[in-house]
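J.: sequence first, then the predicted structure:
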Amino acid sequence: MAEAVIAAKSPVALELAPGVYYWCSCGRSQQQPFCDGSHEGTEFSPLEIRVDQPKRVSLCRCKRTASPPYCDGTHKKLG
């Protein structure tokens with residue numbers, strides 16, 4: 001299995017409004033942390049995030065989290 005590109009070695013904190021979002025799992029998107037279709041032709045697919053009410057989240061950009069799409073601090077262990 002291919003490894004995702006590390007988009008950044010830090011999460012991004014966002015206030016998400018109700019709706020559906022697609023988190024980039026490949027790390028190639030120019031609209032991090034969200035998908036822009038850059039995964040086309042790879043084995044990666046975006047991860048759907050459904051938000052029912054306004055919610056503050058910390059989304060992973062290193063793409064190594066064990067709890068995608070949310071940051072679990074793994075970026076702190078990267079060289």
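T.: Okay, I see it.
J.: wait, Pro19 sits on Pro54?
T.: Residue 19: Gly, not Pro. No: judged on CB atoms under 8 Å, Gly19 makes no contact with Pro54 at a distance of 10.2 Å. Where you see a C-beta, it was placed from the backbone N, CA and C, and this is true even at glycine.
J.: give me the neighbour count for Lys63.
T.: 24 (other CB atoms under 10 Å).
J.: what's the nearest residue to it if we skip its chain neighbours?
T.: Distances taken as CB to CB, 6 or more residues apart in numbering place Ala4 nearest to Lys63, at 3.6 Å, with adjacent residues excluded.
J.: how much space separates the one you found from Glu40?
T.: Going from Ala4 to Glu40 by CB to CB, to the nearest Å gives 15 Å.
J.: and Lys63, which of the three is it?
T.: Here Lys63 takes the coil state, with states given by DSSP: H, G, I helix; E, B strand; the rest coil.
J.: per-residue confidence at it?
T.: In this model, Lys63 is scored at 98, pLDDT.
J.: repeat that for Asp36.
T.: Predicted confidence (pLDDT) for Asp36: 98.
J.: tell me the phi and psi of it?
T.: Main-chain dihedrals, Asp36, degrees, to the nearest 10: phi -120, psi 10.
J.: surely it meets Gln30?
T.: Yes: taking contacts as CB under 8 Å, Asp36 lies within contact range of Gln30: 5.6 Å.
J.: these two: which is more packed in?
T.: Neighbours of Asp36 and Gln30, each counted by other CB under 10 Å, are more numerous for Asp36; the result is 14 against 10.
J.: name the nearest residue to that one, sequence neighbours excluded.
T.: Counting by CB to CB, 6+ apart, the residue nearest Asp36 is Ser29, at 4.4 Å.
J.: ok, that neighbour - contacts?
T.: Shown in contact with Ser29 (CB atoms under 8 Å, 6 or more residues apart in numbering): 7, 35-39.
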